[in-house]
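Visitor: please find the sequence and the predicted model below.
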Number of protein chains: 2
Amino acid sequence: MELEIVTIGDELLLGFTIDTNAAHLGRELAALGVRIVRRTTCGDDADSIKAAVRDALERTGAVITTGGLGPTADDMTKPAIASIFGQGMRMDDEILAALRARWLKRFGHELPASNEQQAMVPEGCTILPNRHGSAPGIRLEDAQGRWVIMLPGVPREMRGMLADTVIPALRDRLPTNGPVIRSKTLRTANIAESALADRLGELARGVNGLSLAYLPGSDGVDLRLTSWELEAREANRTLDDAAAQLRAKVGRFVYGESDDDLAALMLAECAARNATVAVAESCTGGMLGMRLTAVPGSSRTVLGGTIAYANAVKTRELGVSAEVIDAHGAVSEPVARAMATGVRLRFGSTIGLGITGIAGPDGGTPDKPVGTVWVAIDNDGEVHAVRAVLPGDRHEIRWRAAQLALDRLRKAFLREQDAEGWTARG
Amino acid sequence: MELEIVTIGDELLLGFTIDTNAAHLGRELAALGVRIVRRTTCGDDADSIKAAVRDALERTGAVITTGGLGPTADDMTKPAIASIFGQGMRMDDEILAALRARWLKRFGHELPASNEQQAMVPEGCTILPNRHGSAPGIRLEDAQGRWVIMLPGVPREMRGMLADTVIPALRDRLPTNGPVIRSKTLRTANIAESALADRLGELARGVNGLSLAYLPGSDGVDLRLTSWELEAREANRTLDDAAAQLRAKVGRFVYGESDDDLAALMLAECAARNATVAVAESCTGGMLGMRLTAVPGSSRTVLGGTIAYANAVKTRELGVSAEVIDAHGAVSEPVARAMATGVRLRFGSTIGLGITGIAGPDGGTPDKPVGTVWVAIDNDGEVHAVRAVLPGDRHEIRWRAAQLALDRLRKAFLREQDAEGWTARG
């Protein structure tokens, strides 16, 4: 099945709003096996909407629109598209009643007259209930089977209605064993794109006829496998097999899949060990603590930490000797180690994580350029430290430093497992 | 001047990539006075590109494309568009030489043969130099004056070339006093959209004939004034005057303009006072420290802080009495106050900021629902605390809590100014 997307709104054309609805629709429909052949964005005026949707209908006969269903005067989507189908508009009493009830319940007063037009719908349309907001979706189809589905522009509402109504309806129209576009992503940390390609060897250009994309980001390099031609079950099987082949080559640089968060994974590992964590942060200034405590339930594992931004704080709060700081500099292995051990002892945690570095833009030197970071982990007295020179701007360097600390914790756990003779995981 | 945008790439249609280029082009061109009447996204294949660009050219005669200029086989933009103009392709020796030099310099080896096609350009085109990457931009114009400008898809390169080449060229073609679309944004914190509307009274629907948009977000509600019809100088004057009228009504809820970051503003205020800061964070877990230290040069002002996630840490590290925690709960005014004062004394800073709250999703109670936050500021011994019940998910609640703490610091500084008889700022 092929269709086109039309996203409606001056805010989109003016760039005041980034069109995340379009990307979400693309992902969801591709995974279903629907091919989006073109996407159009037009302004809020009736003529633009009518022209854009008519053009799209003539090409593919199947169109999903987002936006322009609200109560304001510039929400022209319904009448504009109704006119393409030669339909007038009518007041829908059910929707009107629901709107009135919603307003009384939510805002404690009557529905403003200006909002009543939200209850106007095209003659002969199907109304798609919206559990996520006030404006229902609309479906129009003509005698030749050409159809338009109108969804709201508010991302939360659009996503909800897509899942509730649109995807199930489309699935019914699709061959059960038609080709779908499916992806599987392996997340790696602490290894460069080129080093990944070297390890992958002949797999670097693709596996099992799947395409392989390298997606470098602040978390590390993601490896995205995509199946373009296979039907769903076969696609999933092929992706799993290909992912296993990649893991075999890339090994322990893989820390997770799809949108796994390394902080959440490490918290789970800590919880499984009844281990507690404390952080000592200099250049990251709280970012590692923020990432760990972003995970619901982290209070069972994260005791807290010290943001030791000033050197005097490193000394007084974490017991990093001033002599060591003078001798080696605040960004050095002995300071990182002393921070990790200092915070572990001070907070009485099983694990202490220490980060010190130069996030820039200033403060770099020839031997310690901007991006230089020392990360140390004290795992119940066993201390490991690592140095890295991280790329990017200040935010990216800080994010990568926190990610590096979490990845060192992962490596420490893997070492434990090996020592205890457990099976090393991929 | 009207034009259309065509963004090219399967990754865009599939939703693997969010189309930020389109939004950037929209903002920059609107500010210049160019009206984007439609935006189209198509796949990487030559037929789709040719169809999308031809349609756009027929409608407006002026098109900017992004993407598909790279070295890979699926980068078909140049030949596809050349064919619309009835032009063939030729190898450009200058570009080829530049590519070869770039590869030797950057990667230390010869340009792969597969990359040579990056030096192929349409006959009769103008080559637009690209200081930001390897693929130059291309401009084609026909006898009727219809033109297409092709820009790379890499956002950094696209933005750079837009500023270097495209905007200056477009400006030359525009009437010097034509209408432009200009915006000015006032940033408010700690006041609801409805309360803003009440304060604005008759201004709520617009000022000086400018449109006024309410943009609620985690930082607070932004008020965006937009001028749609005026020429540049008049637009700026009208926006400034309207902003002044809004400030007069909204007063001290306005903390800044456009992209002002409250953390950066408060650090500047601290530096101006030779004040130092330390943070005590429970539910935010380091987010406030992260925001403050995200500002370059913050090390002059931010001493550090304590992430006091566990109650035992609040007591041992910050001197919050266990009895107080038992009596009032960890999320309470006395605990927030004790955290702010405790961290100030412990770190010897001028200012201590304390945050304790329930970020959810669990942990809420009828009298302390999820989102309940207490924020305290100890400004050199003068302590103020405030309670709020913040909306949103865990991340949003935490972000709003940090923003609230920064806003209380701002209020404390304003109180100082008043006490010292300085002019209160808007």
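Guide: Thanks, I have it.
Visitor: from here on, contacts and neighbour counts on C-alpha atoms
Guide: Noted.
Visitor: the domain parsing of chain A - what is it?
Guide: A:2-173, A:182-257, A:262-413 (automatic domain parsing).
Visitor: what's the most buried one of those domains?
Guide: Among the domains of chain A, domain A:262-413 has the highest mean neighbour count (mean count of other CA atoms under 10 Å in any protein chain shown), at a mean of 22.
Visitor: what residues does the stretch 1-150 of chain A put near chain B?
Guide: The stretch 1-150 of chain A has residues A:12-20, A:22-27, A:30, A:36-43 near chain B, with proximity defined as CA under 8 Å from any CA of the partner chain.
Visitor: now, which of the residues you listed lie within strands?
Guide: Mapping the residues of the stretch 1-150 of chain A next to chain B onto strands (DSSP state E) picks out A:36, A:37, A:38, A:39, A:40, A:41, A:42.
Visitor: which parts of the stretch 151-300 of chain A are helices?
Guide: Using DSSP state H, counting those that start in this stretch, the helices of the stretch 151-300 of chain A run over A:155-161, A:167-173, A:193-200, A:232-250, A:262-272, A:287-293.
Visitor: same deal with the stretch 1-150 of chain A?
Guide: Under DSSP H, counting those that start in this stretch, the stretch 1-150 of chain A gives helices at A:10-13, A:20-32, A:46-60, A:77-84, A:93-107.
Visitor: same list, the ones you listed, but as TSV with distance to residue B:367 please.
Guide: Shown next, in TSV, are the helices of the stretch 1-150 of chain A (distance: least, CA to CA, whole Å):
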stretch	distance to residue B:367
helix A:10-13	40
helix A:20-32	37
helix A:46-60	49
helix A:77-84	44
helix A:93-107	21
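Visitor: so which of those comes closest to residue B:199?
Guide: Residue B:199 lies closest, by CA to CA, to one member of those: helix A:93-107, at 18.7 Å.
Visitor: picking that back up, tabulate the domains of chain A (JSON lines), appending mean pLDDT and distance to residue B:170.
Guide: Shown next, in JSON lines, are the domains of chain A (pLDDT from 0 to 100; distance: least, CA to CA, whole Å):
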{"stretch": "domain A:2-173", "mean pLDDT": "92", "distance to residue B:170": "17"}
{"stretch": "domain A:182-257", "mean pLDDT": "91", "distance to residue B:170": "34"}
{"stretch": "domain A:262-413", "mean pLDDT": "96", "distance to residue B:170": "31"}
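Visitor: so what's residue A:181 up against?
Guide: The neighbours of residue A:181, taking CA atoms under 8 Å, 6 or more residues apart in numbering or on different chains as the test, are A:30, A:31, A:32, A:33, A:226, A:227, A:228, A:229, A:230.
Visitor: and the last one, how far from residue A:351?
Guide: Using CA to CA, to the nearest Å, one obtains 46 Å as the distance from residue A:230 to residue A:351.
Visitor: so what's the nearest residue to residue A:196 once chain neighbours are set aside up against?
Guide: Nearest non-adjacent residue to residue A:196, counting by CA to CA, 6 or more residues apart in numbering or on different chains: residue A:250, 6.9 Å away. Contacts of residue A:250 were listed using CA under 8 Å, 6+ apart, and they are A:196, A:199, A:200.
Visitor: and for residue A:310?
Guide: A:282, B:299, B:302, B:303, B:304.
Visitor: next up, phi/psi of it, please.
Guide: Dihedral pair for residue A:310: phi -90, psi 150, per degrees, to the nearest 10.
Visitor: and the gap between it and residue B:304?
Guide: Between residue A:310 and residue B:304 the distance is 7 Å, computed by CA to CA.
Visitor: just give the nearest non-adjacent residue to the residue in the stretch 251-400 of chain A that chain B sits nearest to, would you?
Guide: With CA to the nearest CA as the measure, residue A:286 is the residue of the stretch 251-400 of chain A nearest to chain B, at 4.0 Å. Leaving out its chain neighbours, the residue that sits closest to residue A:286 by CA to CA, 6+ apart is residue B:286, at 4.0 Å.
Visitor: how far away is that neighbour from residue B:260?
Guide: Relative to residue B:260, and taking CA to CA, residue B:286 is found at 21 Å.
Visitor: swap in residue A:263?
Guide: Distance from residue A:263 to residue B:260, by CA to CA: 30 Å.
Visitor: just give me the residue closest to the centre of chain A.
Guide: By CA atoms, centre = their mean, the mean C-alpha position of chain A lies nearest to residue A:259, the distance being 6.4 Å.
Visitor: got the phi and psi for it?
Guide: phi -110, psi 30.
Visitor: can you check the pLDDT for it?
Guide: Residue A:259 is assigned a pLDDT of 89 by the prediction.
Visitor: next, the angle helix A:262-272 makes with the helix of greatest length in chain A.
Guide: If you go by DSSP state H, chain A has its longest helix at helix A:394-419. With axes from the mean of the first three to the mean of the last three CA atoms, to 10 degrees defining the directions, helix A:394-419 sits at 30 degrees from helix A:262-272.
Visitor: any part of helix A:394-419 near chain B?
Guide: Yes - Helix A:394-419 comes into contact with chain B (CA under 8 Å from any CA), by way of A:394, A:395.
Visitor: how near is the nearest residue to residue A:21 once chain neighbours are set aside to chain B?
Guide: The spatial neighbour of residue A:21 that comes closest, neighbours along the chain excluded (CA to CA, 6+ apart), is residue A:155 at 6.0 Å. The gap separating residue A:155 from chain B is 14 Å, by CA to the nearest CA, to the nearest Å.
Visitor: my read is that residue A:155 contacts residue A:19, right?
Guide: No - counting by CA atoms under 8 Å, residue A:155 sits too far from residue A:19 to count as a contact (9.4 Å).
Visitor: alpha carbons only: can I get stretch A:39-47 in PDB?
Guide: C-alpha atoms of stretch A:39-47 as PDB (Å, rounded to 0.1, in the frame of the first residue of the first chain):
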ATOM      1  CA  ARG A  39       5.100  14.200   2.200                       C
ATOM      2  CA  THR A  40       3.700  17.700   1.800                       C
ATOM      3  CA  THR A  41       3.500  20.500   4.300                       C
ATOM      4  CA  CYS A  42       1.200  23.400   3.500                       C
ATOM      5  CA  GLY A  43      -0.200  26.500   5.300                       C
ATOM      6  CA  ASP A  44      -3.400  26.900   7.200                       C
ATOM      7  CA  ASP A  45      -5.400  28.600   4.400                       C
ATOM      8  CA  ALA A  46      -8.200  26.600   2.700                       C
ATOM      9  CA  ASP A  47      -6.800  27.000  -0.800                       C
END
